[in-house]
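Asker: pasted the sequence and its predicted model underneath.
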There are 2 protein chains.
Amino acid sequence: MLTAKLYHVPLSPFCRKVRLSLAEKKIEVELAEERYWQRDPDFLRRNPAAKVPVLRLDGMVMGESAAICEYLEDAYPTPPLMPKGAEARYEVRRLVGWFDDKFHTEVTANLIYEKVNKKIMGAGFPDSTKVKAGARAIKVHLDYMAWLLDSRRWLAGDVMTLADFAAAAHLSALDYISDVDWNRHDAVKDWYAKIKSRPAFRSILADQVPGFPVPSHYADLDF
Amino acid sequence: MLTAKLYHVPLSPFCRKVRLSLAEKKIEVELAEERYWQRDPDFLRRNPAAKVPVLRLDGMVMGESAAICEYLEDAYPTPPLMPKGAEARYEVRRLVGWFDDKFHTEVTANLIYEKVNKKIMGAGFPDSTKVKAGARAIKVHLDYMAWLLDSRRWLAGDVMTLADFAAAAHLSALDYISDVDWNRHDAVKDWYAKIKSRPAFRSILADQVPGFPVPSHYADLDF
């Protein structure tokens, strides 16, 4: 049998969300870094959309992180990362969309893509207007998370779900470049401490990006 | 009981996908046009993401078209718009993502947003570079659809699914501004003729956008 394999880049929030789901469900997977922007022909054959993550699993080659995570939930339902009721499932998917669409555009793209991806890809210097916009936007999003966590144990309700992994995927990548103010809200810091201490998080906390030294708080469970 | 209500704009592919799902599942809904870019305070209270569609149904107020369509599938499973097996469901979600992400960025945003939305919002003239890029990209996407339909009756397999509605939502909006070359592939034209003749499509074929006269082929089932 072929080993499961995930083509990824370390700080991609979409790859991190898939890595967290795989690890939580104890699906062993070999990681392969993929410099997707170089559009290697072999990689393009695996995924014509030329994006990561790409997951080889169960004889399939899958792209699109949202579709991959739903597949993992359908094919490997234990432990569940989605609740049972239609309304609760809606709330999880709404929040996954919130982080992967709105948070991604307003925060992740403005901070990580400007500061890290551009350097790695040789695409020039960070645009300071975008970096400032990202630094402003993350505050609003942390406030929104604190508001949710004021009445819930986890982001989408009282159990941990894919919504928490989606959020933690973005925030952990931003934490690698020290762009998260954990002192802004105790509720958000406590939530991140809980999720960060899960075994599923270990691989992510061991990531290293050449040219970007790991800050000491990044892998510290007592940050 | 409150009537179900959908806040939408007529040519939004995300709204059209939700309208098609609602109609196919025979869920009656009142349509309300929402000029979301004017950021009306009442609308922002319903959806802090300030986007359409927003659906009021079952005592909830829902945003994010992907999460809404999954909710409709969970809460109103008949008739199904998702197949049963995990692999088949993955393929549907992959294609929904393909159209709502890649096709949207490369085609819909470059054509509809430039030609229609900018005029309606008073945001200036179409950027001809973008319009040309969109006109080039749609050809590649139509070729990809023809390739899929060469071995399948519908886009994701042998039954009609949400993937067909996602694709038809984008293409029908583009057809309103006569930007789809239906003669490029018989397979794509036949697919669109099949989906266009469904009762669920009627409301979409009756849409009218002030300032943009309906072309004669738009609502014609024998186009």
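Answerer: Good, I have the coordinates.

Asker: so does the helix or strand bottoming out on mean pLDDT in chain A get close to chain B?
Answerer: Every helix and strand of chain A was ranked by mean pLDDT, DSSP states H and E. The lowest is helix A:41-46, at a mean of 76. No - using Cβ under 8 Å from any Cβ of the partner chain, we find that helix A:41-46 stays clear of chain B, coming within 13.1 Å at best. Where C-beta positions appear, they are placed from N, C-alpha and C, glycine not excepted.

Asker: so for that helix, could I get the coordinates as CSV, restricted to C-alpha?
Answerer: C-alpha atoms of helix A:41-46 as CSV (Å, rounded to 0.1, in the frame of the first residue of the first chain):
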residue,chain,number,x,y,z
PRO,A,41,5.0,19.8,-14.1
ASP,A,42,4.7,16.7,-11.8
PHE,A,43,3.0,18.8,-9.2
LEU,A,44,0.7,20.4,-11.8
ARG,A,45,-0.4,16.9,-12.9
ARG,A,46,-1.3,16.0,-9.3
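
Asker: which other helices and strands contact that helix?
Answerer: On a contact count with 3 or more Cβ pairs under 8 Å, 6 or more residues apart in numbering or on different chains; DSSP states H and E, helix A:41-46 meets strand A:54-57.

Asker: how close does residue A:32 get to residue B:126?
Answerer: 42 Å (Cβ to Cβ, to the nearest Å).

Asker: out of the two, name the residue with the larger neighbour count.
Answerer: More crowded of residue A:32 and residue B:126, by other Cβ atoms under 10 Å in any protein chain shown: residue B:126, with 17 against 13.

Asker: low-confidence ranges, chain A, go.
Answerer: Low-confidence segments of chain A, defined by pLDDT under 70: A:1-2, A:48-50.

Asker: give me the residues contacting stretch A:174-182.
Answerer: A:11, A:107-108, A:111-112, A:115-116, A:134-135, A:138-139, A:142, A:171, A:188-189, A:192, A:207, A:209, A:212, A:214-215, A:217-218, A:223 (Cβ atoms under 8 Å, 6 or more residues apart in numbering or on different chains).

Asker: take those and keep only those in helices.
Answerer: Here DSSP state H is the test, and those give A:134-135, A:138-139, A:142, A:171, A:188-189, A:192 as lying in helices.

Asker: reformat those residues as CSV; add neighbour count and distance to chain B.
Answerer: Below are these laid out as CSV (neighbours: other Cβ atoms under 10 Å in any protein chain shown; distance: Cβ to the nearest Cβ, whole Å):
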residue, neighbour count, distance to chain B
A:134, 23, 18
A:135, 14, 20
A:138, 23, 16
A:139, 12, 15
A:142, 20, 15
A:171, 28, 19
A:188, 24, 18
A:189, 17, 23
A:192, 21, 22
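
Asker: would TSV of those residues with distance to residue B:167 be doable?
Answerer: As requested, the ones in helices among the contacts of stretch A:174-182 are exported to TSV (distance: Cβ to Cβ, whole Å):
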residue	distance to residue B:167
A:134	33
A:135	38
A:138	35
A:139	38
A:142	37
A:171	34
A:188	39
A:189	43
A:192	39
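
Asker: tell me how far the closest residue to residue A:10 other than its chain neighbours lies from residue A:110.
Answerer: Ranked by Cβ to Cβ, 6 or more residues apart in numbering or on different chains and with sequence neighbours excluded, the top spatial neighbour of residue A:10 is residue A:207, at 4.2 Å. Applying Cβ to Cβ, the value for residue A:207 to residue A:110 is 21 Å.

Asker: repeat for residue A:58
Answerer: Relative to residue A:110, and taking Cβ to Cβ, residue A:58 is found at 36 Å.

Asker: please apply the same query to residue A:102.
Answerer: Distance from residue A:102 to residue A:110, by Cβ to Cβ: 12 Å.

Asker: okay, those two: which has more neighbours?
Answerer: residue A:110 (24 against 18).

Asker: how much space separates the most centrally placed residue in chain A from residue B:61?
Answerer: In chain A, the C-alpha nearest the mean C-alpha coordinate belongs to residue A:169, at 2.3 Å (Cα atoms, centre = their mean). Distance, residue A:169 to residue B:61, using Cβ to Cβ: 27 Å.

Asker: also residue A:107?
Answerer: Residue A:107 is 24 Å from residue B:61, by Cβ to Cβ.

Asker: likewise residue A:207?
Answerer: Applying Cβ to Cβ to residue A:207 and residue B:61 gives a distance of 38 Å.
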